[in-house]
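Asker: Build me a structure from this.
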Amino acid sequence: MRSGLIPRWLPVLALPVLFGACAEGPVRKTYSSDDALAPPKSRMDAVRDAHQLYSRGEFAQAMTVLGQADEPGMTPNEKASYWNLKGLIRLAEKNQSAAMVDFKKAIALNPYKEYAGYYQLNLATAHADAGDLEEAKRISDRINPAGMAEPDRKKVQDLRARLAPKPPVPEGEKAAEVPAKAPANAVAAGTWSGPVNEKRIGLLLPLSGKYEAFGKKVQRSVELAFQTSTSSRARNYELVPVDAGETPESHLAALKKLVEEEKVVAIIGPVLSKSLDALRSKAEFYQTPLISVAQVQGSSSPQIFSCSVSAHDQVARVAAHAVSQRNFRRFAILAPDNKTGETLARLFWDEVAAHGGEIRGFELYDPDLTDFREPVDKIIGLHYTETRSKEIRELADKRKELNIKKKTMRTQQFFNLPPIVDFDAVFIADEAKTSGQIIPTFAYRDAKGIPFIGISSWNSPQLLKRTGELAEGAFFPVAFNTLNPPEPTKRFYDLYWKTYQAYPGELDAIAFDAAAVIIKATENAPSSREEFTRSLEGLLEVEGATGTLGMREHQCSRNLSLYEVKKGEFQLNNALSN
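Answerer: Residues are numbered from 1 along each chain as shown. Modelled structure (predicted):
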C-alpha cells in the first residue's frame, strides 16, 4: 500500500447498512420514494471484491468489478466509500485528475464527520502526486487527525512533512549529499550540452499526413508574426520548420533533429496533444523550451509553455457569469472520460463551489460514444429507476384505469417517467460536434429549456447546425472574439486577410500569439536555451491576435469574452463582454 493512501473500508464494514436512504449531492441520481425497491444484496459484494483486487495491485480488474456495484442503491456512507475506492484505483493508475474528482465526491457524500480526515488525506495526496503542492498543503492543513487511528495519524504527519518547506542549511555546514533518484526516461549522461544557434527558432509541426492542414495553418501565422513584427531583433531570427508527422515517435525524431542538427534555441509546437507526454521528458533532457499550441495543456514541465486557451481561464469565466450574472446555483456536469474532460470537470466543480454553488449531477462518458441517451438519462433521473417504483406503479394504475394497452405518441405520457431536473444549467466539457449531439438528447428525453454552458471550442457552426433552437441561451468563453474584437484582434484579422486572402480562425490566432510570446522573449537577447526559458517565464503585456496576454505558470493567460446563442446565431452583448 502506498503511504498516505487510505482504503476506507472500515466505515463500510463497521456501520449498519441503512437501505432506502436518499442520497444528496453531486453523484449519479437516486430519488427516494415511500416504496423504494430494496437494492440487491450483492451491491456491496462487488465493492468488497474490488477492494481485494485493489489491495493485490490488480487495478484494471478492480475498476471493472467496481463498475458492477449497484451504486444508486447504496446509503450515503456506502457511496462515499465507493467513490473513495474508485479514486484510490485511479490514483494507483497515475490518473490524479480523475482521482481528485472521485475523492471530492466521497467528501461531499460522507455523512460522518469522523471519517472526513481519511477522504481529505487521499485528496491531498492526489494533489501532491500531481505536483500541486500548494493545494495539497491547503487540504492537509484542514485535516483533524485527533479521531484517526494511530497509523493514519502517522500518514497525515508524513504527508505534512513531505509538503513542508525544507529548512535552509546553516552557514558553514555542508548539506548531506543524497543521490537523486533518476526520473523515468532520464538519460544517464544528464542533460544535453550541444551547441546552439541563438538566432534559430524551430517549428515542430505536422506538415504531412492527416494533420497537415493544422500544421500549415500554424506555420503561416508564425511566419506572419515574424515577418510583420516591429522588432528589428525578431526579424533577424530564422524559422526552421520540421515535419513532426502524426505519432509521438515521429515528434520525438523531429525534436531531436531540431536540437541536435538545426541547433535551435526554442521551439513552437507541438499541435497534437497526444505527443505532449512523449516530448516532455525529451525537452527536459535537451533543456529546450517548447511553446505548445495543442488544445490540452498536459502535465507541468519546466520546458513546456502552453499558448492554448487555458482550461482554468475558460471555466473561471463561465462559472463566474453563471452564478453572478445568471443567478444559477445548481449545476450538472457531462464530460468525456479522458484527461481533458476530467480536468475541465474538476476545475468547473471547484469554481462553482468557490462561488457558493453546488454540483447536483456528474457523469463521465466514453469519448467515442455516439448515442448519449444513457449519460443524459443518468443526469435527469431516467436511468436508475429502482427508487422511482411508486411513480412506475402509479403510471401502471393510470393505464389500467384508462384501459390503455399500447404505447403510442398520444399515450406515451402514461408509460414514460418524467425527467427530474433539479439543476439550473448543464456544463458540457466537450467540443461543438459532440455537444451538438448531447444537447438535442435532453430535449428528446423531454428535458427541455435547460441552459447549457460550454467551452471555447463551441465557437463553431457545427454547434448551431446540430442543435437549432435547442441551444438557445447557451453560452461559452471565447479567446478569438471577432464579433466585438479588441484592437489587436482587428489588426491581426486585417493583416491575415491582406496576406493570405483567407479568414483566420482560433488556431491561426493562437499560433500568432505563440509567435508573439517568442518575439517578446527575444527582447532580452537570450544567448542560450536556459536564458530563453527564463525570458519566457513571467512575460506580461504581450500583444497577440487574441488581445493582450501574459505567461502565468507556463500557461498563456487571457481575458476571455463570452458568446451566447440567440435566435440561432452567436451574439456578444455588453452584459456578456469583458
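Asker: tell me which residues in stretch 300-318 are buried?
Answerer: Neighbour-count burial for stretch 300-318, counted by 16 or more other CB atoms under 10 Å, picks out 301, 303-318. In this view, the C-beta of every residue, glycine as well, is placed from N, C-alpha and C.
Asker: brain fart, stretch 279-296
Answerer: Buried positions in stretch 279-296, judged by neighbour count with 16+ other CB under 10 Å: 279-296.
Asker: Roughly how far does Val196 sit from Ala266?
Answerer: Note on Val196: its distance to Ala266, by CB to CB, to the nearest Å, is 10 Å.
Asker: Kindly report the same for Ser460.
Answerer: 31 Å.
Asker: same check, this time on Trp349
Answerer: Counting by CB to CB - Trp349 and Ala266 are separated by 36 Å.
Asker: again with Glu391
Answerer: Using CB to CB, we find Glu391 at a distance of 63 Å from Ala266.
Asker: who has more neighbours, those two?
Answerer: Neighbours were counted for Glu391 and for Ala266 using other CB atoms under 10 Å; Ala266 has more, 27 against 16.
Asker: By mean pLDDT, point me to the weakest helix or strand of this structure.
Answerer: When each helix and strand of the chain is scored by mean pLDDT, DSSP states H and E, helix 10-14 comes last, with a mean of 32.
Asker: starting at the chain centroid, how far to stretch 311-326?
Answerer: Mean C-alpha position of stretch 311-326 versus that of the full chain (CA atoms, centre = their mean, to the nearest Å) differs by 15 Å.
Asker: Dump that stretch to CSV, restricted to CA.
Answerer: Extracted in CSV, the C-alpha atoms of stretch 311-326 (Å, rounded to 0.1, in the frame of the first residue of the first chain):
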residue,chain,number,x,y,z
ALA,A,311,-8.8,25.4,-19.1
HIS,A,312,-8.7,27.4,-15.9
ASP,A,313,-9.5,30.7,-17.7
GLN,A,314,-12.4,29.1,-19.5
VAL,A,315,-14.2,27.6,-16.5
ALA,A,316,-13.5,30.6,-14.3
ARG,A,317,-15.1,32.8,-16.9
VAL,A,318,-18.3,30.8,-17.4
ALA,A,319,-18.7,29.8,-13.7
ALA,A,320,-18.5,33.4,-12.6
HIS,A,321,-21.0,34.5,-15.2
ALA,A,322,-23.4,31.6,-14.4
VAL,A,323,-23.5,32.3,-10.7
SER,A,324,-23.1,36.1,-10.5
GLN,A,325,-25.0,37.2,-13.6
ARG,A,326,-27.5,34.4,-14.3
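Asker: Let me see the mean pLDDT of it.
Answerer: Confidence over stretch 311-326 (mean pLDDT, whole number) is 93.
Asker: Other residues contacting it?
Answerer: 297, 328-329, 331, 340, 343-344, 347-348, 351-352, 354-357, 424-425, 427, 451, 453-456, 475-477, 555, 557-558, 560, 562, 575-576 (CB atoms under 8 Å, 6 or more residues apart in numbering).
Asker: Just the buried subset of the residues you listed, please.
Answerer: Going by neighbour count (16+ other CB under 10 Å), the contacts of stretch 311-326 have 297, 328-329, 331, 340, 343-344, 347-348, 351-352, 357, 424-425, 427, 451, 453-456, 475-477, 555, 558, 560, 562, 576 buried.
Asker: Apart from its chain neighbours, what residue comes closest to the residue sitting nearest the centre point of the chain?
Answerer: Compute the mean C-alpha point of the chain, and by CA atoms, centre = their mean the closest residue is Thr343, 1.8 Å away. Of all residues not flanking Thr343 in the chain, Ser97 sits nearest, at 5.1 Å (CB to CB, 6 or more residues apart in numbering).
Asker: if we can go back for a sec, tell me who's in contact with the residue nearest to the centre of the chain.
Answerer: Thr343 neighbours (CB under 8 Å, 6+ apart): 97, 297, 311.
Asker: ok, it to Gln314 distance?
Answerer: For Thr343 relative to Gln314 (CB to CB), the value is 11 Å.
Asker: Is the closest residue to Val264 other than its chain neighbours in a helix, a strand, or coil?
Answerer: In space, and not counting its chain neighbours, Val264 is closest to Gly202: 3.7 Å by CB to CB, 6+ apart. Classification of Gly202 by DSSP: H, G, I helix; E, B strand; the rest coil places it in strand.
Asker: how much space between Gly202 and Pro336?
Answerer: In terms of CB to CB, Gly202 sits 32 Å off from Pro336.
Asker: Asn524 contacts Leu536, doesn't it?
Answerer: No: between Asn524 and Leu536 there is no contact under CB atoms under 8 Å: 9.7 Å.
Asker: higher neighbour count, those two?
Answerer: Between Asn524 and Leu536, counting by other CB under 10 Å, Leu536 is the more crowded of the two (21 against 14).
Asker: what's near enough to touch that one?
Answerer: With CB under 8 Å, 6+ apart, Leu536 has these contacts: 266, 289, 291, 305, 517-518, 521, 551.
Asker: Same question for Leu133.
Answerer: 127, 163.
Asker: What confidence value was assigned to it?
Answerer: Model confidence at Leu133 (pLDDT) stands at 87.
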